[in-house]
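Q: Below is the sequence, then the predicted model.
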Amino acid sequence: MKLRRSVQAFALLLCVGTSISGCAQVKGVILGTPFKFHCSQPPAPNLAIAVGARSNSPRPIVPPAVHKLIAAAVPGCGKITVIRVDGRPSVVASVVFGTGAKTQQNFDADQAHFLAHVDDLIDSATAREPESNDLQALSLASGAAGEGGTAVLIDSGVQTTTPLDLRTNNLPSRRPDAVVAALKAQQLLPSLSGRSVILSGIGYTAAPQPALADKDRTFLIDLWRGIVITAGARPPLVIGDPNTNESAVASPGVGVVAFPAATVHLTCNSLSVLPDSGGVGFITDQANFRSPVAARAALQKFASFLQANPIARAQIGGYVAHYGAGDLSQRRADRVKQELVALGATNPIAAKGYGWGPNPSVTAPPDPRYDPLNREVTIKVSC
């Protein structure tokens, strides 16, 4: 090491005041290439990230689209704000990149340190207060993002505080646009005009909140998309990648929201979901109803609708909880079709078994938390 320093010092001394070929390169290696950082003008748009690291919501995953925005904020000196989502959302910190680096190497090191610091802030945004208030978190994110900035909400979207406490007024069974209209009428929406919005993780939950069915996840996505657009923002980027992580923390507690057990739509061009916990439930590993009387009562409504609408067609979908269940899903779909025909429906009826799924997605690995949701029958009616 001492020998290397001696050689470098001698080479530098030799180059001082001379024009020896290669001296510029020697000086660059030893002293470092001159470097000075300047923020881009105008500065990059601000970025605000609201993170639901709380009970009932999976440990947050920052999607690649948000990582790109974080990286883009560095050379532009855009402000990055991290917000925790709990019952009383609050700002964790706001940071702006800065450096006094004189070389590219030191600048790269400072930039890497800054990005690691932002990651640490996101990891530290764990809940402090009971319950969850995504609406207030989105409002804080909007204020921090400012005009032209981006507000990000990474959370399940299952709010348990007023004015959007999903445990009250049977809200999960209502139309999302009706809920949004009520919030707007009461002037309870955040101001998102001029902001871009990213929604990630909406509809994916963790214990003790049960996993949600597709229809319930769709309800939440439609609800928050409607809130964002009605509040003045452009249509949000909705990142629907499944998140089946456990909660980041177990406390403070968050109340459990009861979503409707079944959705039945006796109209044309509709999809009804009949869970295994309802009347149309099957004996384990069989295509026989647990309660033939209850199943007949539930399916009589569909048979009557089909009889009253001769142009209607029905498509029945069968699902099971585990991979490798053979033709069980097909036999269950066939059993539902058989019952509808026995009840007097003469319309065209197709039955198809889809195997395992569809929660959290048809390609996700098996997960015991989703087994109850995947024991279901769907009936699609087209006219």
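A: Noted; the coordinates are in hand. Residues are numbered from 1 along each chain as shown.

Q: what's near enough to touch Ala50?
A: Contacts for Ala50 (CB atoms under 8 Å, 6 or more residues apart in numbering) come out as 83-85, 89, 134, 137-138, 140-141, 151-155. For the C-beta atoms, the positions are set from N, CA and C on the backbone; glycine is no exception.

Q: Sort out for me which of those residues are in strands.
A: Ile83, Arg84, Ala151, Val152, Leu153, Ile154 (DSSP state E).

Q: Mind checking what secondary structure the closest residue in space to the first one that isn't next to it in sequence has?
A: Beyond its immediate neighbours in the sequence, the residue positioned closest to Ile83 (CB to CB, 6 or more residues apart in numbering) is Ala50, lying 4.2 Å away. Assigned with DSSP: H, G, I helix; E, B strand; the rest coil, Ala50 falls in the strand class.

Q: is Ala50 in a bridge, and if so with what?
A: Beta-bridge pairing for Ala50 (DSSP bridges): Ile83, Leu153.

Q: roughly how far apart are it and Gly240?
A: From Ala50 over to Gly240 the distance is 18 Å, taken as CB to CB, to the nearest Å.

Q: what's the answer for Pro292, then?
A: Distance from Pro292 to Gly240, by CB to CB: 38 Å.

Q: ok, the two, which is more surrounded?
A: Each of Pro292 and Gly240 has its neighbours counted (other CB atoms under 10 Å); Gly240 has more, 15 against 11.

Q: Surely that one and Ile221 touch.
A: Yes. If you go by CB atoms under 8 Å, Gly240 and Ile221 touch, sitting 7.3 Å apart.

Q: tell me, what's touching the two both at once?
A: Common neighbours of Gly240 and Ile221, counting by CB under 8 Å, 6+ apart, are Ile202, Gly203.

Q: which residues touch Val91?
A: Under the criterion of CB under 8 Å, 6+ apart, the contact list for Val91 reads Thr81, Val82, Ile83, Leu140, Ala144.

Q: mind checking how far the helix or strand hosting it is from the chain centre?
A: When elements are assigned from DSSP states H and E, Val91 belongs to strand 90-95. On the basis of CA atoms, centre = their mean, to the nearest Å, strand 90-95 sits 21 Å off its chain's mean C-alpha point.

Q: Kindly calculate the angle that the helix or strand just after it makes with strand 150-154.
A: Note on strand 90-95: by DSSP H and E, the next helix or strand toward the C-terminus is helix 104-123. Angular relation of helix 104-123 and strand 150-154 on a 0 to 180 degree scale: 50 degrees, by axes from the mean of the first three to the mean of the last three CA atoms, to 10 degrees.

Q: Run through the helices of this structure in chain order.
A: Counting by DSSP state H, the chain has these helices, from start to end: 2-15, 23-31, 64-76, 104-123, 134-145, 176-185, 214-230, 292-308, 328-342, 371-374.

Q: Pick the most buried one from those.
A: Counting by mean count of other CB atoms under 10 Å, helix 134-145 has the highest mean neighbour count of the helices of the chain, with a mean of 24.

Q: so what does that one touch, helix or strand wise?
A: strand 47-51, strand 80-84, strand 90-95, strand 150-154, helix 214-230 (3 or more CB pairs under 8 Å, 6 or more residues apart in numbering; DSSP states H and E).

Q: give me the low-pLDDT residue ranges for the protein?
A: Within the chain, the ranges that satisfy pLDDT under 70 run 1-33, 261-262, 323-325, 362.

Q: And the residue nearest the centre of it?
A: Gly201 (1.4 Å; CA atoms, centre = their mean).

Q: and the gap between that residue and Gly317?
A: As for Gly201, its distance to Gly317 is 26 Å (criterion: CB to CB).

Q: Kindly report the same for Pro292.
A: From Pro292 to Gly317 the distance is 21 Å (CB to CB).

Q: Contact partners for the residue lying closest to Ala72 once chain neighbours are set aside?
A: Computed as CB to CB, 6+ apart, the closest residue to Ala72 that is not its neighbour in sequence is Ala44, at 6.2 Å. Residues near Ala44 by CB under 8 Å, 6+ apart: Ala72, Ala73, Pro75, Gly76, Cys77, Gly78.

Q: again, 6 Å this time
A: Taking CB atoms under 6 Å, 6 or more residues apart in numbering as the criterion, Ala44 is in contact with Ala73, Gly76, Gly78.

Q: go on, Ser191?
A: Ser191 neighbours (CB under 6 Å, 6+ apart): none.

Q: could you measure it against Ser200, distance?
A: In terms of CB to CB, Ser191 sits 21 Å off from Ser200.
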